[in-house]
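Asks: need a structure here:
(2 chains)
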Number of protein chains: 2
Amino acid sequence: MERNILFTLAYCGTGYHGWQIQDNARTVQQVFQEALARIVGVCPPLKGCSRTDAGVHARQFCISMKIDTRIPNERLVGAMNHFLPPDMAVLSCRTVRDDLHARYSCLGKEYTYEIWNQPVRNPFLEGRALHYYGPLDVDKLNEAAQYYVGKHDFHSFCTLDARDEGDLTRTIQYANVRRREDGMVIFTVAADGFLYNMVRILTGTLLEVAQGKRTPQEIEHILKAKDRAAAGPTAPACGLYLNRVFYPDDIELDETKG
Amino acid sequence: MERNILFTLAYCGTGYHGWQIQDNARTVQQVFQEALARIVGVCPPLKGCSRTDAGVHARQFCISMKIDTRIPNERLVGAMNHFLPPDMAVLSCRTVRDDLHARYSCLGKEYTYEIWNQPVRNPFLEGRALHYYGPLDVDKLNEAAQYYVGKHDFHSFCTLDARDEGDLTRTIQYANVRRREDGMVIFTVAADGFLYNMVRILTGTLLEVAQGKRTPQEIEHILKAKDRAAAGPTAPACGLYLNRVFYPDDIELDETKG
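Replies: I've put the predicted structure just below:
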């Protein structure tokens, strides 16, 4: 009997050109689909929670689909991890309400942007963090990040494309910057939704605050400008991690009743 | 004027066939030498602190050499990091006593062996940790590791080869096993010297303790057996990190007086 399932996976984005299937490029969707097809024959249409860019990582990425198989969820996890490459792993597979859609039902997401803030690069972080050796005043960046919090029109903080027609209002629930003991500076931000390149532009603007090119207070004016040119540059993809994907609490069905 | 210098570098070993130059293989020595040659013309003979295997990582690896250049140490660091690939980085460069030799003057080293102990693999740790999903009783492993500490003949814990002729006695100063919050189990061991494959066999034997195939107390008997067949298997290279290299405190010379 057909059931609606939600896979949660993690992947190192270095080897992927983002989520969506493309010609002549290895993408998350394609690699996932090929693995699933080896288990269930024909892979059903997949709904990804987000359209991630090339080189962006995920510690949690959700995919929903209607699937017609007798294989229980737990065994799907094991089988998928057998067929997936080492830079991708399925963390869980749950039977969910029929109307759940990985993208449209998503309540919000948390991203981190990770910056290796040491004089010398870290050879273990190639493609996994931005190396920035200038001074980063974490308190000042954290102060600046608070101006992002709340319901705003984020026109200034997105790369406009056909996918972002309409309302550019999003609500940032929390944003903070902290320094880990080893020297990694981590910008964490959660919102009900993110526009194209939004976290990378929020980060690029914070780096301009770090460089003294802008004050934390200026972020208010950048938001009001509703003009991409008012904000800082788009930080590189390598530092960006989709960390958490939030859904309503009651989405899960008891598989045994399914 | 010629001076004796000590470079400390770090590298992700996944892309290297160990330290020593070989035909048709990318090695740490070769990559380092090529970068240095671009700065000083002809690269002097290099003395590495250790003969690491293919796939083994280093958070600290030391190289000494006599060098005849007017370039100050600080600028050598910057220039080397410019020419080295992203998976290798020079951390420091110091002028040291003329008689210092990276290998023979070394007082000891600390290695870690890192085990991702979760049901599902971590896609960010391909080639960087052993994935082991069986139960690991860290207290029991730590108890077992204490039998390694002290001065012993480590014949049972090495792969004998021409490089390990003579005395197989080494002194392990400390050894412990701990679990990090994220589920990484880390075996740390320091000694005045290590035999070929020693840390990997110490780890393989601990994993047999975890599997209930041996008791912690049996390690005493394995040491006494002086027989490689008495110990556990050689754990894969990917989990091994050369973490610290110890030299006497007084090796450094003031470069300005050099």
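
Asks: tell me the domain boundaries of chain A?
Replies: A:2-105, A:108-243 (automatic domain parsing).

Asks: how about those in a markdown table, adding mean pLDDT and distance to chain B?
Replies: (Each C-beta comes from the backbone N, C-alpha and C, glycine too.) Shown next, in a markdown table, are the domains of chain A (pLDDT from 0 to 100; distance: least, CB to the nearest CB, whole Å):
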| stretch | mean pLDDT | distance to chain B |
| --- | --- | --- |
| domain A:2-105 | 95 | 4 |
| domain A:108-243 | 95 | 4 |
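
Asks: Out of those, flag the one nearest B:Y247.
Replies: In terms of CB to CB, the element of the domains of chain A nearest to B:Y247 is domain A:108-243, at 20.0 Å.

Asks: circling back: make TSV from the domains of chain A and add distance to B:N122 and mean neighbour count to it.
Replies: Converted to TSV, these look like this (distance: least, CB to CB, whole Å; neighbours: other CB atoms under 10 Å in any protein chain shown):
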stretch	distance to B:N122	mean neighbour count
domain A:2-105	7	18
domain A:108-243	12	18
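
Asks: Out of these, which is closest to B:E208?
Replies: Judged by CB to CB, the one of these that comes nearest to B:E208 is domain A:2-105, at 24.9 Å.

Asks: and A:P248, how many residues sit next to it?
Replies: A:P248: 12 surrounding residues under other CB atoms under 10 Å in any protein chain shown.

Asks: Check what pLDDT the residue nearest to it when sequence neighbours are not counted gets.
Replies: Setting aside the residues directly before and after it, A:P248 is nearest to A:L107 in space (CB to CB, 6 or more residues apart in numbering or on different chains), at 6.4 Å. Looking at A:L107, its pLDDT stands at 96.

Asks: got the phi/psi numbers for A:L107?
Replies: A:L107 adopts backbone torsions of phi -80, psi -30, taken as degrees, to the nearest 10.

Asks: about what we covered before: can you redo the domains of chain A as a markdown table with distance to B:N117?
Replies: Output for the domains of chain A, formatted as a markdown table (distance: least, CB to CB, whole Å):
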| stretch | distance to B:N117 |
| --- | --- |
| domain A:2-105 | 15 |
| domain A:108-243 | 19 |
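
Asks: closest to B:L136 out of those?
Replies: Once the domains of chain A are compared by CB to CB, domain A:2-105 is nearest, at 19.2 Å.

Asks: so how far does that closest one reach from one end to the other?
Replies: Taking CA to CA, to the nearest Å, domain A:2-105 runs 20 Å from one end to the other.

Asks: swap in stretch A:55-75?
Replies: End-to-end distance for stretch A:55-75: 30 Å, by CA to CA.

Asks: Off-centre distance for it?
Replies: 16 Å (CA atoms, centre = their mean, to the nearest Å).

Asks: ok, now stretch A:143-157?
Replies: Taking CA atoms, centre = their mean, one finds stretch A:143-157 lying 18 Å from the centre of the chain it belongs to.

Asks: Please save the CA atoms from it in PDB.
Replies: Taking C-alpha atoms only, stretch A:143-157 is exported to PDB below (Å, rounded to 0.1, in the frame of the first residue of the first chain):
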ATOM      1  CA  GLU A 143      25.000  42.600  17.900                       C
ATOM      2  CA  ALA A 144      24.700  43.100  14.100                       C
ATOM      3  CA  ALA A 145      23.000  39.800  13.700                       C
ATOM      4  CA  GLN A 146      20.200  40.900  16.100                       C
ATOM      5  CA  TYR A 147      19.100  43.400  13.500                       C
ATOM      6  CA  TYR A 148      18.300  40.500  11.200                       C
ATOM      7  CA  VAL A 149      15.800  39.000  13.800                       C
ATOM      8  CA  GLY A 150      12.100  39.600  13.200                       C
ATOM      9  CA  LYS A 151       9.800  40.000  10.300                       C
ATOM     10  CA  HIS A 152      11.400  41.900   7.400                       C
ATOM     11  CA  ASP A 153      11.300  42.300   3.700                       C
ATOM     12  CA  PHE A 154      14.700  40.700   2.800                       C
ATOM     13  CA  HIS A 155      14.800  42.100  -0.700                       C
ATOM     14  CA  SER A 156      18.300  43.500   0.000                       C
ATOM     15  CA  PHE A 157      19.500  40.100   1.100                       C
END
